[in-house]
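Provide a 3D model corresponding to the input given below.
(2 chains)
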Amino acid sequence: MAEYIFRRLMKSLLTVFISIMLTFLIIRLMPADPVSLMVDPKLSPEVQEQMRKNFGLDKPIYTQFGIYLLNLLKGDLGYSFKTREPVITVLMQRLPWTILLMFTTLIMSLAIGLPVGITAAKRRNKLFDRVVNVLITLAISIFIPFISFAFLYLFGYRLGLLPTGGAYTPPPTQGFAYVLDVARHSVLPTITLFLGNSATVILYSRNSMIDVLKEDYIRTAFAKGWDDRYVTRKHALKNALIPTVTVTGLMIGSMMGGAIMTETIYAWPGVGRLIYDSVNAMDYPVLQGAFLMLSITVVAMNFITDLVVAKIDPRIRLSGGRA
Amino acid sequence: MSKNRIVTFVSLLLLAAALQPLVAQKVGGDLVVGITGDPYNLATWISNDLNSSLVMNIALPSMMSIDESGNKVPYIIKDYKISSDAKVFTITLHDLKWHDGVPLTSEDLAFTSDYLVKYKLGYGADMFSNVDHYEIKDAHTIAFYLKKPQVNFLSQVGFWIDIVPKHIYEKVTDPNTFAYNGVGYGPYKLKSYKKGEYYQFERVSNWSLASSGKGPYLDTITFRVYPDPNALVLAMKSGEVQVSGSPLPVAAQKQLLADPNKFGVGKVTSLGFGYFGFSYKNAMLKDPVVRKAIAYTVDRDAIVNVAKQGGAIKMDTPVSPVYKDLVKSQIKYPPFDIAAAGKLLEDAGYKLDSKTGLRSKNGEPLEFELIYRTTTVNIDAIVNIFKANAEKAGIKINLKPVDPATYTDRVVKQRNFDINCIEWGVIDDADSSLGTIYRSDASLNFMDYKNATIDQLLDQSLTEPDYNKRVAIINKFQEEFVKELPVINAWVSINAYGYSKSYEGWDLTPGLYGFLDVKDIVNVYKK
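Numbering: from 1, shown residues only, chains lettered A, B, ... in the order given. Model prediction:
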């Protein structure tokens, strides 16, 4: 197991390094340099040159990369072109809001998605399964801005039950009132994210459960006279969970920065909206930092997922890798 | 004291006493403003973005404001004098205090000039670069001596550059990363904020330039960021936001106007304009006949009414119609007339191929690439109207939509294009500053257009202190310009801002901040 963990860790570090390099190069290889894009051409060449110096863009690209890597080791992601704050500060201001949204969505998706998926698998081709299939198709294919506006219009404007944007009503209150205010503001973005994510959980858990239920050892378990609940819990669930665990890990990675549309429409001050604002403002240091955080999250989630799966399925760690 | 004077004095006292309760009645209310972009930095001399300036204009008002005709007028400046050679500007500031109690003085203005140049900070560094030296006359008066005549020195500096607090910045050696706390000298002071979330300002009572010295009416003004304008409109309709600080698209305006008892939409023409520019590097576009023929094919009515859905006005003069004095001369571009375009080209030897519908001369077809940035509002509809009409005259137009990075690289840096289409955000002081676009050596002259007469006229407009004479110079410039046609100006966008009718006193003048312009927002009160 230790060797397995070591090998996965090395692979993860290599992936992060490649991702750092690619992100750095993609931004530098864009048609115009960041200062030309960001500043008004009306500014004199001297002022533009000073800005290049301020952002370290006057140096050769390999020197910039070396400085970037050295700073990265010290935890310094540079300064935002836009706000002139350290990128790490900017990211840390936004991260808690995204984590809040992410975990609420994740818990809801697993708590509702898993039982629904498993029940649908066990009642395959019956009414419940058919209804679930239709709902999954709808939820996966739904256009996020459309559903977000529909929710805002209905619950925010027509019914006036929920706020139309932000994470709280400014200025923030204190104590329980604040918690309640944040909870009210998080309802619509959470439900929006929940729709797509829970559909994925249902889909994976349903399909893998269907496959597992066809296995010989399940038939054998039933032949031994054990009841349905025991067989599902003890024999089927563990194996059926493997693909769901994998996809949940990936979901966390994508939700970390992938809730761009949702966070933007609901004016939620998370990392997704930060990415949207940074693209508009051409704030490359922040984009670089956000993508780095994203890649680390994805790699870390993959790593954790592999460990969890290896724990669930001993064949993986024994064979030294996954099929 | 004469009897009349006593009567006047007593009347004024009575009037002031009568007005007192009226002012007091209007004080109160918490206004929430929705904006579609997050301010970059509270220090506007660093950030160079509209949302920072918008939010901070109520705490750090510009020295100069804009009136209904687009002219700059004093605001924080009490008085000013310009020498006859446009080289000495004597400025007197109003007697105001920074929000931390330190008096605002001419020392602050002198410091602003030195500091922005020393650290090469944004526009300020360029705008103060013409200062040779200054002389502090008294606590509120300063004279700037310029290296060369520049009639718009004050209107540029006064409008674009906010005064830097000397007592805060004098020991700051890295202004780019310094965490400025938002201390200003305006009618509202920053109370609390969280970047990306909200900015709340509170009333400065007895701010001397509002309500006859009683200060603004609203207790607090809170800016909230709604990146999506449709979500912003829903926030207005649900009562969470009372006014849009950012312009609204036409569809969003209609949503508000569907409820006319509760909401209104104020409209004001932009200080910028949209245009089609020709690259003089292209041999065919260098031919004035081709440029004039293309000018004939520009259907401004269709651009304004169809592409912009009524959210713009026609611009058929070289100078924006916002500057009324400058367009009284009625010097106009060729009108929309496709037949005239065809005849002009035919007479100049550009023969029509009946099979392809295209014209050519000496085997060279009249075919051009039109590059535009996909992020410009309504741009696809605009360029398609342009293309369709040009092709009716036998000129093939190949559309080239690009992202902002590619556009900057091709048009701004390399100047490698045939025709470009874009909208200027702000072209202010049109009577003196057009040299920044059309002078042969101007950084914004992407066309590589060179004309010694135009250069001379634009230089004259920058150094002529008499306004009427400047208008005459600009008229001569316009006459020359419509003969040359290096660009074809086509539309001026109308900026529309929604507001709640539960507040009164709304007013709009051309400028950058809509209803939130400090000189206007101080008059807004809750019903």
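
And chain A, is stretch B:213-232 touching that?
Yes. Shown here: stretch B:213-232 in contact with chain A (Cβ under 8 Å from any Cβ of the partner chain) through B:Thr222, B:Arg224, B:Val225, B:Tyr226, B:Pro227, B:Asp228, B:Asn230, B:Ala231, B:Leu232. In this view, the C-beta of every residue, glycine as well, is placed from N, C-alpha and C.

Next, the buried residues of that stretch.
Using 16 or more other Cβ atoms under 10 Å in any protein chain shown as the test for burial, stretch B:213-232 gives B:214-232.

excluding its backbone neighbours, what's nearest whatever residue of the stretch 101-250 of chain B ends up closest to chain A?
Here the stretch 101-250 of chain B gets closest to chain A at one residue, B:Tyr198, 3.5 Å apart by Cβ to the nearest Cβ. Of all residues not flanking B:Tyr198 in the chain, A:Pro170 sits nearest, at 3.5 Å (Cβ to Cβ, 6 or more residues apart in numbering or on different chains).

ok, now A:Met255?
That would be A:Met102: by Cβ to Cβ, 6+ apart, it lies 4.7 Å from A:Met255.

Show me where the stretch 251-400 of chain B has its helices.
Taking DSSP state H, counting those that start in this stretch, the helices of the stretch 251-400 of chain B run over residues B:288-296, B:300-302, B:324-327, B:338-347, B:379-392.

Highest mean neighbour count out of those?
Highest mean neighbour count among those (mean count of other Cβ atoms under 10 Å in any protein chain shown): helix B:288-296, with a mean of 22.

Which residues does it contact?
With contacts defined as Cβ atoms under 8 Å, 6 or more residues apart in numbering or on different chains, helix B:288-296 is touched by B:276, B:278, B:284-285, B:333-338, B:340-342, B:344-345, B:348, B:350, B:366, B:390, B:393, B:395, B:419, B:483-486, B:488.

Could you list which of these also contact chain A?
Counting by Cβ under 8 Å from any Cβ, the subset of those that neighbours chain A is empty.

Restricted to helices, list the buried residues of stretch B:213-232.
Counting by DSSP state H, the part of these found in helices is B:Pro229, B:Asn230, B:Ala231, B:Leu232.

May I see those organised as CSV, with pLDDT and distance to B:Ser83 added?
Converted to CSV, those look like this (pLDDT from 0 to 100; distance: Cβ to Cβ, whole Å):
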residue, pLDDT, distance to B:Ser83
B:Pro229, 91, 47
B:Asn230, 91, 52
B:Ala231, 92, 52
B:Leu232, 95, 47
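
Mind picking the one among the residues you listed that's closest to B:Thr408?
B:Pro229 (24.8 Å; Cβ to Cβ).

Touching, the residue of the stretch 101-250 of chain B closest to chain A and A:Thr169? I think so.
No. Using Cβ atoms under 8 Å, B:Tyr198 makes no contact with A:Thr169, being 9.0 Å away.

Spell out which residues of the stretch 201-323 of chain A are next to chain B.
So the stretch 201-323 of chain A meets chain B at A:Thr264, A:Ile265, A:Tyr266, A:Ala267, A:Pro269, A:Arg273, A:Leu274, A:Tyr276, A:Asp277, A:Asn280, A:Ala281, A:Met282 (Cβ under 8 Å from any Cβ).

Give the helix, strand or coil label for the residue of the stretch 151-300 of chain A found nearest chain B.
Nearest residue of the stretch 151-300 of chain A to chain B (Cβ to the nearest Cβ) works out as A:Pro170 at 3.5 Å. Under the three-state scheme (DSSP: H, G, I helix; E, B strand; the rest coil), A:Pro170 adopts coil.

With the one 10 residues further on instead?
Reduced to three states with three-state DSSP, the structure at A:Leu180 is helix.

swap in B:Ile454?
Following three-state DSSP, we place B:Ile454 in the helix state.

before we move on, the earlier item: filter the contacts of helix B:288-296 down to the ones in strands?
The strands, defined by DSSP state E, take in B:Phe276, B:Phe278, B:Ile419, B:Ile488 from these.

same for the helix or strand containing A:Met209, what does it pack against?
Element membership for A:Met209, per DSSP states H and E: helix A:175-213. The helices and strands touching helix A:175-213, judged by 3 or more Cβ pairs under 8 Å, 6 or more residues apart in numbering or on different chains; DSSP states H and E, are helix A:87-122, helix A:127-141, helix A:144-151, helix A:237-258, helix A:260-265.

State the pLDDT value of residue 307.
Looking at chain A here, since you left the chain open. The score at A:Leu307 is 83. That number is its pLDDT.

hmm, I had chain B in mind actually
pLDDT, B:Ala307: 96.

Next up, the contacts around A:Thr232.
Contacts of A:Thr232 (Cβ under 8 Å, 6+ apart): A:Ile118, A:Lys122.

gap between it and B:Glu504?
Taking Cβ to Cβ, to the nearest Å as the measure, A:Thr232 falls 67 Å from B:Glu504.

A:Arg219 too?
A:Arg219 sits 78 Å away from B:Glu504, going by Cβ to Cβ.

what does A:Lys126 give?
From A:Lys126 to B:Glu504 the distance is 63 Å (Cβ to Cβ).

If you count surrounding residues, which of those two has more?
Per other Cβ atoms under 10 Å in any protein chain shown, whichever of A:Lys126 and B:Glu504 has more neighbours is B:Glu504, with 14 against 11.

Let me know the pLDDT of the spatially closest residue to that one that is not a sequence neighbour.
Among residues not flanking B:Glu504 along the chain, B:Lys527 sits closest, at 5.6 Å (Cβ to Cβ, 6+ apart). Turning to B:Lys527, the model gives it a pLDDT of 91.

now A:Glu215
Value for A:Glu215, per-residue pLDDT: 88.

swap in the one 4 residues further on?
At A:Arg219, the predicted lDDT confidence score is 89.

What about it, how many residues nearby?
Residues near A:Arg219, counting by other Cβ under 10 Å, number 12.

before we move on, what about B:Ser443?
Neighbour count for B:Ser443, taken as other Cβ under 10 Å: 16.

Tell me which residue of the stretch 251-400 of chain B lies closest to chain A.
B:Thr375 (8.6 Å).

separation between that residue and A:Tyr178?
On the measure of Cβ to Cβ, B:Thr375 and A:Tyr178 end up 37 Å apart.

same question, A:Pro86
Distance, A:Pro86 to A:Tyr178, by Cβ to Cβ: 27 Å.

ok now do B:Leu485, which residues does it touch?
So B:Leu485 contacts B:Phe278, B:Pro288, B:Arg291, B:Lys292, B:Ala295, B:Tyr333 (Cβ under 8 Å, 6+ apart).

which residue sits closest to residue 162, ignoring its sequence neighbours?
Using chain A. Closest to A:Leu162 by Cβ to Cβ, 6+ apart is A:Phe155, at 4.5 Å.

wait, I meant chain B there
Nearest to B:Asp162 is B:Leu60, by Cβ to Cβ, 6+ apart, at 4.2 Å.

Correct me if wrong: that neighbour contacts B:Tyr188.
No. Applying Cβ under 8 Å, one finds B:Leu60 not in contact with B:Tyr188, separated by 10.0 Å.

quick one: contacts for the residue nearest to B:Tyr198?
A:Pro170 neighbours (Cβ under 8 Å, 6+ apart): B:Lys194, B:Glu197, B:Tyr198, B:Gln200, B:Thr222, B:Arg224.

Wait, B:Asp380 touches B:Cys421, no?
No. Counting by Cβ under 8 Å, B:Asp380 does not reach B:Cys421; the two are 10.6 Å apart.

Got phi/psi on B:His99?
According to degrees, to the nearest 10, the main-chain angles of B:His99 amount to phi -70, psi -20.

With adjacent residues omitted, what lies nearest to it?
B:Lys189 (4.1 Å).

Now name the helix or strand holding that neighbour.
strand B:188-194.

okay, now the nearest residue to A:Thr105 once chain neighbours are set aside: neighbour count?
Nearest residue to A:Thr105, sequence neighbours excluded (Cβ to Cβ, 6+ apart): A:Leu193, at 4.3 Å. Residues near A:Leu193, counting by other Cβ under 10 Å, number 27.
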